[in-house]
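> Take this sequence and fold it.
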Amino acid sequence: MIHGKPHIGELIRELRDIKMMSQEAVAQAAYISRSSLSQIELGIAGCPDSLLLAIKTGMGLENLPLLDTERAAFRDKLYRWHDIINERKLDEAKELREQLSVIQLLRRDTELNTLFSMFDCKLLLGLDELEAAKKILNKFKVDGLSDMQLYHYYYNQGTYNIKCKHNQDALDFYLKAYELVTRGLEKNITLYYNIAIAYSRLGFIAKATTFLEEAYSLHLAGHENDNVSEFDIYNLLGVFYAAIGVLQRGKYFLDKAHTIAINHFNSKETDGTKTNLGLVLLNYGILFRMGRKGDEAIEHFNKAHKYFSIGNVHYLETLYQKIRTMIEMNNPFPCPTLITEGIKLSKNNEIYTLMFETLRVLANPDDESTRHVENETLPYLHENKFVRLALDYAKFLRDYYKRKGERFKTRAFKMSDTVCTIMDLIYEGGVII
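Take a look at the predicted model:
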């Protein structure tokens with residue numbers, strides 16, 4: 001909406017002032033007299049559409065929408081720009097931004113300026129220019145925004161916070177956007193997917209799975225989405241169902257993800273197709289480990305390693321899972337060598353260094369090493385919300401202290417209390433991953 005309902009001449013005068021052009025310069029560029037332009041600006045004379053275009057062109061603002069028909073066409077351009085951003089065509093989106101930013105000169109048009117800012121923020125988030133995106137978000141007040149504008153505001157706030165690893169804030173904003181969807185806005189696969197990610201990072205995998213199933217249902221219903229692929233949905237559903245112990249359902253989705261990954265890899269071998277294939281194999285391994293099929297798990301971890309660069313985060317996770325499986329199979333003999341490799345490769349990755357150091361305890365526990373887990377590992381995991389790992393190690397310490405007898409009774413109880421607290425989260429819908 002253009003607030004204040006100015007006549008066209010008033011808008012021309014404001015724009016001329018912004019461009020710092022004299023009446024004479026604009027009139028000359030538009031092939032009219034200065035007095036004719038003055039009368040238009042004062043509202044004394046009318047301004048036919050053809051003359052308005054000539055005046056805008058004279059100021060270098062031919063793309064600026066002043067008429068209602070022009071505003072409708074410009075709004076369509078903004079939404080097309082939004083689609084391009086969603087399609088991750090960021091270079092093309094940056095070029096279009098230069099053309100569309102002209103709307104910022106028309107400060108009275110709050111509707112189109114708000115849309116431009118919301119979509120510009122989304123582009124900046126896609127480019128990981130977080131500070132610039134935050135500056136845009138900080139200038140808005142939710143009062144007075146339409147439901148659609150609020151949706152984009154909450155969505156961008158959610159994305160900003162999830163990129164900053166402020167997972168609870170991200171979830172809160174995404175759920176506000178979701179509430180607007182329940183009130184009639186069009187359902188969006190990416191929103192459901194992002195809510196699932198936020199829930200999973202907080203440890204609530206049951207709720208995460210519910211929202212990811214919604215994204216899956218939208219996908220089956222024909223909703224197209226360029227941010228979230230079939231592979232993304234299937235692979236993550238496989239991970240979630242494995243985490244909550246629904247292994248058959250998890251394997252169903254991993255099978256679908258594997259089919260897509262292997263076809264893409266065979267069609268064109270790139271870093272992306274290699275990584276996706278490796279991730280599915282890694283997740284198969286975790287699923288088989290959860291099902292206590294250690295040999296099959298090891299087989300898939302070995303296959304997954306071939307598709308990851310040595311030392312990257314996926315490689316480290318695969319190595320960690322492989323060692324965990326060996327320990328659970330009561331086959332700890334190869335573990336010291338593998339643990340040493342993991343520590344060496346993860347020297348610049350704090351969490352994986354901690355995880356590999358802690359594996360030493362699982363492979364060969366003693367009183368000194370278990371005190372390290374209790375005093376160093378668990379506090380770090382709780383503080384950084386690695387809930388699944390915290391649960392694993394709390395259970396391990398509880399069982400170790402129970403085996404040690406009466407002298408460790410209090411510490412065993414303490415570990416049991418920690419485990420019970422986490423288990424309470426599960427029954428509230430938060431399943432650990």
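> Buried residues, the helix or strand encompassing D255. List them.
In the assignment (DSSP states H and E), D255 maps to helix 247-267. Within helix 247-267, the residues that qualify as buried are 247, 249-251, 253-254, 256-258, 260-261, 264-265, counting by 16 or more other C-beta atoms under 10 Å. Heads up, the C-betas are built off the backbone N, CA and C, glycines and all.
> Now D109. Its backbone dihedrals?
Dihedral pair for D109: phi -90, psi 80, per degrees, to the nearest 10.
> That one contacts D68, doesn't it?
No - the criterion here is C-beta atoms under 8 Å, and D109 misses it with D68 at 11.2 Å.
> more crowded one of those two?
Neighbour tally, D109 and D68, criterion other C-beta atoms under 10 Å: the higher count belongs to D109, 22 against 9.
> want to throw the buried residues of helix 247-267 into JSON lines with pLDDT and distance to E224?
Converted to JSON lines, the buried residues of helix 247-267 look like this (pLDDT from 0 to 100; distance: C-beta to C-beta, whole Å):
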{"residue": "L247", "pLDDT": "95", "distance to E224": "31"}
{"residue": "R249", "pLDDT": "97", "distance to E224": "25"}
{"residue": "G250", "pLDDT": "97", "distance to E224": "26"}
{"residue": "K251", "pLDDT": "97", "distance to E224": "27"}
{"residue": "F253", "pLDDT": "98", "distance to E224": "20"}
{"residue": "L254", "pLDDT": "98", "distance to E224": "24"}
{"residue": "K256", "pLDDT": "97", "distance to E224": "18"}
{"residue": "A257", "pLDDT": "97", "distance to E224": "19"}
{"residue": "H258", "pLDDT": "98", "distance to E224": "23"}
{"residue": "I260", "pLDDT": "97", "distance to E224": "16"}
{"residue": "A261", "pLDDT": "97", "distance to E224": "20"}
{"residue": "H264", "pLDDT": "96", "distance to E224": "18"}
{"residue": "F265", "pLDDT": "96", "distance to E224": "23"}
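> thinking again about what came up before, quick one: contacts of the helix holding D255?
230-231, 234-235, 237-242, 273-274, 276-277, 279-281, 283-284, 287, 290-291 (C-beta atoms under 8 Å, 6 or more residues apart in numbering).
> Which members of these are classed as buried?
In the contacts of helix 247-267, burial by neighbour count holds for 231, 234-235, 237-242, 273-274, 276-277, 279-281, 283-284, 287, 290-291, counting by 16+ other C-beta under 10 Å.
> Let's see which of those end up in helices.
231, 234-235, 237-242, 273-274, 276-277, 279-281, 283-284, 287, 290 (DSSP state H).
> Please report how far the closest residue to G285 other than its chain neighbours lies from N161.
Sequence neighbours aside, H300 is the residue nearest to G285 in space, at 3.8 Å (criterion: C-beta to C-beta, 6 or more residues apart in numbering). Distance of H300 to N161, given as C-beta to C-beta, to the nearest Å: 34 Å.
> Which one of the two is surrounded by more residues?
H300 (24 against 21).
> tell me the SS of T69?
Of the three states, T69 takes helix under DSSP: H, G, I helix; E, B strand; the rest coil.
> doesn't Y199 make contact with L236?
No - with contact defined as C-beta under 8 Å, L236 does not count as touching Y199 (11.6 Å).
> More neighbours: which of the two?
Neighbour comparison, L236 and Y199: the larger count goes to Y199, with 27 against 24 (by other C-beta under 10 Å).
> neighbours around D366, how many?
Neighbours of D366 using other C-beta under 10 Å come to 10.
> what's the spacing between it and D392?
For D366 relative to D392 (C-beta to C-beta), the value is 19 Å.
> Equivalent analysis for G272, please.
Distance, G272 to D392, by C-beta to C-beta: 31 Å.
> contacting residues for the nearest residue in space to I32 that is not next to it in sequence?
Among residues not flanking I32 along the chain, L51 sits closest, at 7.0 Å (C-beta to C-beta, 6+ apart). Shown in contact with L51 (C-beta under 8 Å, 6+ apart): 30, 32, 40.
> Could you check how far the host helix or strand of L51 is from the centre of its chain?
L51 is part of helix 49-58 when elements are defined by DSSP H and E. Chain-centre distance of helix 49-58: 44 Å, with C-alpha atoms, centre = their mean, to the nearest Å.
> Give me the more crowded residue out of G272 and D392.
Counted by other C-beta under 10 Å, G272 and D392 do not tie: D392 has more neighbours, with 17 against 11.
> so the strand or helix carrying that one versus helix 230-243, what angle?
Per DSSP H and E, D392 falls inside helix 387-404. Orientation note: helix 387-404 sits at an angle of 20 degrees relative to helix 230-243 (axes from the mean of the first three to the mean of the last three C-alpha atoms, to 10 degrees).
> For helix 387-404, name the packing helices and strands.
helix 350-363, helix 367-372, helix 378-383, helix 409-427 (3 or more C-beta pairs under 8 Å, 6 or more residues apart in numbering; DSSP states H and E).
> And the nearest residue in space to L53 that is not next to it in sequence, what's its pLDDT?
Once flanking residues are discounted, L53 sits nearest to E62: 6.7 Å by C-beta to C-beta, 6+ apart. Predicted confidence (pLDDT) for E62: 85.
> Can you list phi and psi of E62 for me?
Main-chain dihedrals, E62, degrees, to the nearest 10: phi -60, psi -20.
> can you check H223 too?
phi -70, psi 120.
> Assess the claim that it and L191 are in contact.
No - in this structure H223 lies outside contact range of L191 using C-beta under 8 Å: 11.3 Å.
> Please identify which of those two sits among more neighbours.
L191 (27 against 13).
> Pretty sure the more buried one sits against K176.
No - the pair L191 / K176 is not scored as a contact, 10.8 Å apart, by C-beta under 8 Å.
> quick check: domain ranges of this protein?
8-62, 67-129, 367-433 (automatic domain parsing).
> chain center to stretch 333-340: distance?
On C-alpha atoms, centre = their mean, the centre of stretch 333-340 falls 35 Å from that of its chain.
> Next, the buried residues of it.
Result for stretch 333-340 [16+ other C-beta under 10 Å]: buried residues 335, 338-339.
> Pick the one among these closest to E95.
The closest of the buried residues of stretch 333-340 to E95 turns out to be L338 (C-beta to C-beta; 49.1 Å).
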